[in-house]
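Peer 1: A structural model of the following input is requested.
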Amino acid sequence: MIKKISIYLVTLLLLITGTIAVVMYGKGYNFSLGDGKIGISGTGLLAATSSPDGAGIYINDHLTSATNNTVNLAPGEYDIKIVKSGYFPWKKKIKIEKEVVSTAYALLLPTAPKLDNITDAGISNPVMDPSRTKIAYTASSSDSPRKNGVYVLDMSLRPILTLQSSSTQIAEDTIDAFSKAKLSWSPDAKELVATISAGPDTETTYLLKTNFNENPQDITATLANTQITWALQKEKQDMSQLLGFKAKLKNLIKENFQILSWSEDETKILYTATQAVTLPLIISPRIIGANSTQEERQINKGNIYVYDLREDKNFKILDSMPEELSLTWFPDSKHLIFVNDRKISIMDYDGLNKTTVYAGPFVDNYVFPWPDGSKILMLTDLGNPAISPNLYTIGLK
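Peer 2: Predicted coordinates:
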């Protein structure tokens with residue numbers, strides 16, 4: 001009887017000891033034997049992932065593991081580099097803390113992206129809708145007025161054969177010169193306004209539905225009413241995005257931010273500072289395992305920043321936003337598309353790892369992200385002024 005109790009107690013003790021050891025290992029503790037004694041050292045975890053995966057993880061220039069994986073590290077600052085053949089490397093200095101999981105996510109961009117055309121007859125004036133899934137544009141190069149007019153490219157569709165089949169014509173030149181129209185989207189992305197100029201003081205404005213089955217509606221006389229309706233829609237959308245926020249956070253945004261755009265998941269704000277001020281802490285104590293990139297809470301009027309709502313972190317991106325520059329969110333909400341100096345680049349939302357993915361010819365700042373992040377869309381004549389520009393994709397995956 002005593003023997004059975006002893007075996008039971010020893011087994012129970014081993015189970016408890018093993019469970020404690022597993023829990024401690026999961027928290028980042030390492031066990032070692034030295035001088036005949038068991039040593040326990042507290043470490044942190046680096047969880048490194050990449051897209052695509054299978055990239056090498058270099059820690060202080062030493063190949064240590066591969067994505068997607070976790071690595072135990074002693075507390076401290078490390079130079080992390082994620083590398084894969086055929087892609088630009090990703091680098092960041094990351095702080096490792098005891099019992100804390102620090103993350104490193106690398107969007108690896110190809111060094112030789114593939115270009116594919118979506119249109120081939122020449123287009124102009126592409127405009128992305130507020131949902132970031134459709135682009136309206138005009139076409140005027142066909143000999144048939146029925147083929148010239150306004151088209152909508154739905155990037156959320158998955159065409160069976162080619163991307164060229166994703167565009168739908170919603171207005172044609174048999175009614176008016178829609179191929180020369182200036183286009184703008186409604187806040188709900190269900191309608192378009194097409195303004196056609198027939199002279200210095202003569203304009204006709206049409207309301208277009210994104211369904212070709214409905215005829216264009218002449219709203220020249222009632223344009224002001226449509227503009228008021230759209231302004232109210234936009235105001236309602238802006239207010240809904242702030243619902244559920246604490247009063248302190250709402251005031252922070254309203255008093256200091258001129259919002260340029262929200263990230264797709266609405267957890268980050270790209271904004272221009274409206275005044276010079278020190279942003280108060282919204283989350284205190286600070287979140288464990290948050291982005292370790294140095295933030296800037298002392299903002300200056302006119303500078304461009306990204307504010308992370310989840311982590312209460314603020315990162316400076318640019319000193320200003322001139323007209324020739326474009327800055328938009330990448331669909332994963334973790335990156336920005338930066339267009340400047342005839343180059344298309346992608347950077348982390350904290351301003352690091354700016355990588356040029358295309359440096360060839362393209363028209364103005366007509367650069368748009370594909371909704372699933374697999375491509376970037378641009379308008380280009382490929383450097384040939386003798387042809388009309390077309391929409392091309394830059395493959396990222």
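
Peer 1: and residue 61, how many residues sit next to it?
Peer 2: 7 (other C-beta atoms under 10 Å). Any C-beta I mention is one placed from the backbone N, CA and C, and that applies to glycine too.

Peer 1: then the one 5 residues further on?
Peer 2: Under the neighbour criterion other C-beta under 10 Å, residue 66 is assigned a count of 15.

Peer 1: report the beta-bridge partner residues of it.
Peer 2: Here residue 66 sits in beta bridges with residue 56, as judged by DSSP bridges.

Peer 1: over to the one 4 residues further on?
Peer 2: Judged by DSSP bridges, the bridge partners of residue 70 are residue 47.

Peer 1: okay, and the helix or strand of this protein with the least pLDDT?
Peer 2: strand 29-34 (a mean of 49; mean pLDDT, DSSP states H and E).

Peer 1: the stretch 101-250 of the chain: strands as residue ranges?
Peer 2: In the stretch 101-250 of the chain, the segments counted as strands under DSSP state E, counting those that start in this stretch are 101-107, 115-117, 124-128, 134-139, 149-154, 167-172, 182-185, 191-199, 202-209, 217-218.

Peer 1: turn those into a markdown table, including distance to residue 242.
Peer 2: Converted to a markdown table, these look like this (distance: least, C-beta to C-beta, whole Å):
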| stretch | distance to residue 242 |
| --- | --- |
| strand 101-107 | 27 |
| strand 115-117 | 40 |
| strand 124-128 | 23 |
| strand 134-139 | 26 |
| strand 149-154 | 30 |
| strand 167-172 | 33 |
| strand 182-185 | 22 |
| strand 191-199 | 25 |
| strand 202-209 | 29 |
| strand 217-218 | 33 |
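
Peer 1: Serialize these to TSV and add fields for mean neighbour count, distance to residue 319 and mean pLDDT.
Peer 2: Output for these, formatted as TSV (neighbours: other C-beta atoms under 10 Å; distance: least, C-beta to C-beta, whole Å; pLDDT from 0 to 100):
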stretch	mean neighbour count	distance to residue 319	mean pLDDT
strand 101-107	20	25	95
strand 115-117	14	32	94
strand 124-128	19	26	95
strand 134-139	23	30	96
strand 149-154	23	34	94
strand 167-172	20	38	91
strand 182-185	17	29	96
strand 191-199	17	34	91
strand 202-209	17	37	93
strand 217-218	14	44	95
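
Peer 1: out of these, the one nearest residue 266 is which?
Peer 2: The closest of these to residue 266 is strand 124-128. By C-beta to C-beta, the value is 17.7 Å.

Peer 1: on that earlier part again, relative to residue 379, which of the strands of the stretch 101-250 of the chain is closest?
Peer 2: When these are compared by C-beta to C-beta, strand 124-128 sits nearest residue 379, at 5.8 Å.

Peer 1: residues touching the closest one, excluding its own?
Peer 2: Strand 124-128 has contacts (C-beta atoms under 8 Å, 6 or more residues apart in numbering) with 134-140, 181-185, 366, 368, 379, 388-389, 391.

Peer 1: please redo it, this time with the cut-off set to 6 Å
Peer 2: Residues outside strand 124-128 that contact it (C-beta atoms under 6 Å, 6 or more residues apart in numbering): 135-138, 183, 366, 368, 379.

Peer 1: quick check: phi and psi at residue 255.
Peer 2: Main-chain torsions, residue 255, degrees, to the nearest 10: phi -90, psi -20.

Peer 1: residues touching it, list them.
Peer 2: Listed by C-beta under 6 Å, 6+ apart, residue 255 has no contact partners.

Peer 1: now with 8 Å?
Peer 2: Residue 255 makes contact with 274-275, according to C-beta under 8 Å, 6+ apart.

Peer 1: equivalent analysis for the one 5 residues further on, please.
Peer 2: Residue 260 makes contact with 270-272, 304, 321, 327 under the criterion C-beta under 8 Å, 6+ apart.

Peer 1: which one among the residues you listed gets closest to residue 96?
Peer 2: For those, the residue nearest residue 96 by C-beta to C-beta is residue 270; the value is 29.1 Å.

Peer 1: that closest one - how many residues pack around it?
Peer 2: By the measure other C-beta under 10 Å, the count of residues near residue 270 is 21.

Peer 1: now name the helix or strand holding it.
Peer 2: strand 268-273 (DSSP states H and E).

Peer 1: likewise for residue 394?
Peer 2: Secondary structure (DSSP H and E) places residue 394 in strand 390-395.

Peer 1: note down every partner strand of that strand and its orientation.
Peer 2: Paired strands of strand 390-395, defined by DSSP bridges, are strand 115-117 (antiparallel), strand 375-380 (antiparallel).

Peer 1: tell me which residues in that strand are buried?
Peer 2: When neighbours are counted by 16 or more other C-beta atoms under 10 Å, the buried residues of strand 390-395 are found to be 390-394.

Peer 1: state the mean pLDDT of it.
Peer 2: Summarised as a single mean, pLDDT over strand 390-395 is 96.

Peer 1: one step back: so can I have a markdown table of the strands paired with strand 390-395 showing distance to residue 80?
Peer 2: Listed next are those as a markdown table, based on distance: least, C-beta to C-beta, whole Å:
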| stretch | distance to residue 80 |
| --- | --- |
| strand 115-117 | 32 |
| strand 375-380 | 26 |
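
Peer 1: nearest to residue 175, of the ones you listed?
Peer 2: strand 375-380 (25.2 Å).
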